[in-house]
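Q: structure, please.
(one chain, ligands or ions: 2)
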Amino acid sequence: MAIRSLALYHLKGGVGKTATAVNLAYCAVRSGLYTLLVDLDPQGSATYYFRVKPKFKKGAGGLVRGGKTLAHNIKASDYTNLDILPADFSFRRLDRNLEERKTPRSRFGKVFQPLLNEYDLVIFDCPPGLTTVSENIFNLVDLLLLPVIPTTLSMHSLEQILGFLKKKKYHSAQVSAFFSMVERRKKLHRAMMLEGEKLPIDVLSSVIPYRSEVERMGLERRPVPEFAPNSSSAHAYLALWEELRRRYGVEK
Ligand SMILES: Nc1ncnc2c1ncn2[C@@H]1O[C@H](COP(=O)(O)OP(=O)(O)OP(=O)(O)O)[C@@H](O)[C@H]1O
Ligand SMILES: [Mg+2]
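A: Ligands and ions are numbered 1, 2, ... in the order given. As a prediction, the model looks like this:
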């Protein structure tokens, strides 16, 4: 069955979750899908990249209550068929707001269902950490997509996440990883990527290289394929998107 939602997630910060969420959302729209990007990170980086104001009316409490508040907060991006649900600084309290509900770990299922029905694809950009928000995401999405920098610590956090998912029996979502911010000239990166073959999850063959264009997204405030369409990183994000489509099926 085709997936309708995916989340860029990792316990560790700064591994390329947001850069990937932004570029994949753009690739999804370019291939004809009506797409929503949900920014759950109080830092609001994905919101910023899409030039949207980091403001969610009624804040974290409103998000967790759900209902019409979500639809009222959706903003159009500069790209047809790509909408953004912006983050708000109050999202730093999302965990506390979730803990006050009867089903704190599966509340997002109720809250986001109407949007999952409305869009062809919903992409979540998660904050780092392993929190109540993360557990809601594990319960909600069809695919957890983990960017992994090929370094010892990043691989170690990946093992921690996989251990947690197994222990808590979060089997509902498919889990997939890809190597992010890769510098092939580094021996350690090459060695760690070989280790990837031993992981008990799908490791995608597409790799996102470490490139200055990706950092430039902060100045351009546009996805990489918009301002550097011929760059290797634009090609890498497109290849990652195509691989996801082939592997998991993403359809209208
Ligand atoms: N492929 C890449 N090449 C070069 N720089 C990158 C790449 N991917 C991300 N970056 C840069 O690394 C930093 C962290 O990336 P990003 O914000 O995507 O990570 P993150 O996992 O979302 O971080 P956080 O956990 O803080 O949300 C940013 O400054 C970004 O521009
Ligand atoms: Mg981020």
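Q: residue ranges with poor pLDDT in the stretch 101-250 of the chain?
A: 172 (pLDDT under 70).
Q: and with 80 instead?
A: 171-173 (pLDDT under 80).
Q: helices of that one, start to end?
A: 107-118, 132-140, 152-167, 187-195, 212-220, 224-227, 232-248 (DSSP state H, counting those that start in this stretch).
Q: in the shortest one, what counts as buried?
A: Read that as helix 224-227. 224-226 (16 or more other CB atoms under 10 Å). Every C-beta, even on glycine, is put in place using the N, C-alpha and C of the backbone.
Q: wait, which of the helices of the stretch 101-250 of the chain is closest to ligand 1?
A: helix 212-220 (3.6 Å; CB to the nearest ligand atom).
Q: contacts for the closest one next, please.
A: 16, 19, 22, 48-49, 208, 223-224, 226-228, 231, 233-234 (CB atoms under 8 Å, 6 or more residues apart in numbering).
Q: give the contact list for the residue in the stretch 101-250 of the chain that ligand 2 sits nearest to.
A: Going by CB to the ion, ligand 2 is nearest to Asp125 of the stretch 101-250 of the chain, at 5.9 Å. Asp125 makes contacts with 7-8, 17-18, 21-22, 37-41, 45-46, as judged by CB under 8 Å, 6+ apart.
Q: and the helix or strand where Leu24 lies, how far from the chain's centre?
A: In this assignment (DSSP states H and E), Leu24 forms part of helix 17-30. How far helix 17-30 lies from its chain's middle: 9 Å, per CA atoms, centre = their mean, to the nearest Å.
Q: show me the contacts for Ser206.
A: With CB under 8 Å, 6+ apart, Ser206 has these contacts: 178, 236, 239-240, 242-243.
Q: angle of the helix holding Leu24 against helix 212-220?
A: 80 degrees (axes from the mean of the first three to the mean of the last three CA atoms, to 10 degrees).
Q: only alpha carbons, please: show helix 17-30 as PDB.
A: Output in PDB follows, covering the C-alpha atoms of helix 17-30 (Å, rounded to 0.1, in the frame of the first residue of the first chain):
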ATOM      1  CA  LYS A  17      16.200  16.400   8.900                       C
ATOM      2  CA  THR A  18      14.900  19.800   8.000                       C
ATOM      3  CA  ALA A  19      17.000  20.200   4.900                       C
ATOM      4  CA  THR A  20      15.600  16.900   3.700                       C
ATOM      5  CA  ALA A  21      12.000  17.600   4.700                       C
ATOM      6  CA  VAL A  22      12.100  20.900   2.800                       C
ATOM      7  CA  ASN A  23      13.600  19.400  -0.400                       C
ATOM      8  CA  LEU A  24      11.500  16.300  -0.400                       C
ATOM      9  CA  ALA A  25       8.300  18.300   0.000                       C
ATOM     10  CA  TYR A  26       9.400  20.300  -3.000                       C
ATOM     11  CA  CYS A  27      10.200  17.200  -5.100                       C
ATOM     12  CA  ALA A  28       6.800  15.700  -4.100                       C
ATOM     13  CA  VAL A  29       5.000  18.700  -5.400                       C
ATOM     14  CA  ARG A  30       7.000  18.700  -8.600                       C
END
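Q: partners of the helix or strand following it, with directions?
A: Of the helices and strands lying after helix 17-30 in sequence (DSSP H and E), the nearest is strand 35-39. Strand pairing for strand 35-39, using DSSP bridges, gives strand 82-85 (parallel), strand 121-125 (parallel).
Q: these two touch, right, Thr131 and Arg93?
A: No. Look at Thr131 against Arg93 with CB atoms under 8 Å: they stay out of range, at 11.4 Å.
Q: thinking again about what came up before, for Pro86, state which of the buried residues of helix 224-227 is nearest.
A: Closest approach to Pro86 among the buried residues of helix 224-227 (CB to CB): Glu226, at 19.4 Å.
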